[in-house]
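Q: Here is a sequence with its predicted model. Questions after.
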Amino acid sequence: MEPPVLDLRHVRKIYKGRVEALRGIALEVPKGSVFGLLGPNGAGKSTLVKILTTVIRPTKCEGTMLGHPVGHKPTLRRIGYLPENARFPGYLSGRQVVEYSAGLAGIPSRRARPRVDELLELVGMKDWAQRKVRTYSKGMKQRVGLAQALVNDPELLFLDEPTDGVDPEGRREIRIIIDEMRSEGRTIFVNTHLLSELEQVADRVAILSKGEVVRAGDLMELTKARQEFEIVVASEIGEELAAALREKGATTEARTVLSRGANPEVVQPLIDLLRARGAIIQSIQPKRMSLEELFLEAVEEARAENRP
């Protein structure tokens with residue numbers, strides 16, 4: 001089994017005034033995965049990303065990134081970074097922004113030119129490449145920011161709110177790019193508040209609350225904790241039938257019956273009861289907890305535990 005790309009322990013950050021942004025974070029990010037970092041505003045997500053990319057210094061940080069201690073300067077050549085609210089000089093064109101990033105990464109110009117062309121096409125900015133950044137929308141700036149983050153062909157990519165300001169078509173294109181990078185064996189670390197977007201691409205997630213990890217692990221395993229079956233019938237469920245269904249552990253709403261549990265056997269008595277009462281069953285399907293539900297449950301539990 002390959003060692004994790006990120007293996008973090010005891011990551012702390014205390015700002016002036018004794019403001020504790022991170023309180024001993026521990027995380028593992030497997031190679032070739034899409035890892036989602038979630039949390040409410042002020043949870044410490046961006047602070048953690050900035051520590052890992054050496055934008056700010058930690059108060060304490062143990063662990064490795066790509067096999068070297070966090071902060072190892074040569075390792076930074078192997079990562080890409082799209083910061084939140086990325087800003088580029090308005091007088092530069094999109095092409096010049098990506099070319100400048102290639103120069104900072106030490107890529108020779110003969111290799112940079114075709115690489116820049118390839119990336120601008122990949123992010124859908126080829127036709128706008130010669131326009132000045134000041135003429136770009138926020139979503140277009142994000143696309144150029146993604147291109148510059150990929151210019152050094154990184155093994156590990158940090159994306160801080162990558163789809164912020166991007167239209168639905170652009171968000172879909174970014175998801176496709178993330179999927180392609182994962183298939184190439186790259187690791188993508190995504191910090192975002194768009195849970196529905198992340199749910200479509202993430203393998204693993206960690207949820208922060210007040211600078212601490214309150215839930216972490218494989219996304220499918222975490223959401224399986226509250227799997228249920230949904231039965232939809234043709235007409236509204238009457239009170240008498242609803243009461244009988246509740247006796248068997250189900251909940252009802254209008255034309256829907258919900259039964260908690262991952263085992264299909266739990267729904268058989270409900271199906272028998274519905275048929276016996278003449279209900280016409282239109283569909284039966286398993287449902288698992290959404291990422292949004294998981295996130296809200298984890299954050300609310302953490303707040304309740306800290307409540308005096």
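A: Yep, that arrived.
Q: A202: what's its closest spatial neighbour, skipping adjacent residues?
A: G36 (4.0 Å; Cβ to Cβ, 6 or more residues apart in numbering). To be clear about C-beta, it is placed using only N, CA and C from the backbone, and glycine gets the same treatment.
Q: Go ahead and confirm that neighbour touches V205.
A: Yes - shown here, G36 and V205 form a contact pair, counting by Cβ atoms under 8 Å, at 4.2 Å.
Q: and the residue nearest to A202, how many neighbours does it have?
A: Residues lying near G36 (other Cβ atoms under 10 Å) number 25.
Q: Is it in a helix, a strand, or coil?
A: Three-state secondary structure (criterion: DSSP: H, G, I helix; E, B strand; the rest coil) places G36 in strand.
Q: which residues touch it?
A: Contact partners of G36, counting by Cβ atoms under 8 Å, 6 or more residues apart in numbering, are 190-192, 198, 202, 204-206, 219.
Q: one step back: who touches both of G36 and V205?
A: Contact with both G36 and V205 is made by residues 198, 219, according to Cβ under 8 Å, 6+ apart.
Q: all strands for the stretch 101-250 of the chain, in order.
A: Using DSSP state E, counting those that start in this stretch, the strands found in the stretch 101-250 of the chain span residues 156-160, 187-191, 204-209, 212-218, 228-233.
Q: what about the spatially closest residue to D203 that is not a sequence neighbour, distance to K224?
A: Once flanking residues are discounted, D203 sits nearest to S33: 4.3 Å by Cβ to Cβ, 6+ apart. Distance of S33 to K224, given as Cβ to Cβ, to the nearest Å: 18 Å.
Q: Between those two, which has more neighbouring residues?
A: Remark: of S33 and K224, S33 carries more neighbours, 18 against 12, as counted by other Cβ under 10 Å.
Q: Is L8 in contact with F35, as I believe?
A: No - counting by Cβ under 8 Å, L8 does not reach F35; the two are 11.5 Å apart.
Q: These two: who's more crowded?
A: Comparing L8 with F35 by neighbour count (other Cβ under 10 Å), the higher total belongs to F35, at 25 against 21.
Q: Tell me what the more buried one is bridged to.
A: F189, R204 (DSSP bridges).
Q: Quick check, it in contact with V29.
A: Yes - using Cβ under 8 Å, F35 is in contact with V29, at 4.6 Å.
Q: okay, and the common contacts of those two?
A: 6, 187, 189, 204.
Q: List only buried entries from those.
A: Neighbour counting by 16 or more other Cβ atoms under 10 Å classes 6, 187, 189, 204 among these as buried.
Q: Spit out the contact partners of the last one.
A: I take that to be R204. Listed by Cβ under 8 Å, 6+ apart, the contact set of R204 reads 29-30, 33-36, 216-219.
Q: likewise the first one?
A: Shown in contact with L6 (Cβ under 8 Å, 6+ apart): 27-29, 35, 52, 63-65, 156, 187, 189.
Q: just the residues you listed now: which is nearest G145?
A: Using Cβ to Cβ, F189 comes nearest to G145 of those, at 15.3 Å.
Q: Next, work out how far apart the closest one and V123 are.
A: Applying Cβ to Cβ to F189 and V123 gives a distance of 19 Å.
Q: Tell me where this protein is predicted with low confidence.
A: 225, 306-308 (pLDDT under 70).
Q: how's it carved up into domains?
A: Residue ranges for the domains of the chain, per automatic domain parsing: 6-223, 228-287.
Q: just the helices in this protein please.
A: For the chain, applying DSSP state H gives helices covering 45-52, 94-104, 109-122, 138-150, 168-183, 195-199, 219-223, 239-247, 268-276, 291-306.
Q: Between those helices, which one is closest to G71.
A: helix 45-52 (8.5 Å).
Q: one step back: give me whichever of the domains of the chain is most buried.
A: Counting by mean count of other Cβ atoms under 10 Å, domain 6-223 has the highest mean neighbour count of the domains of the chain, with a mean of 18.
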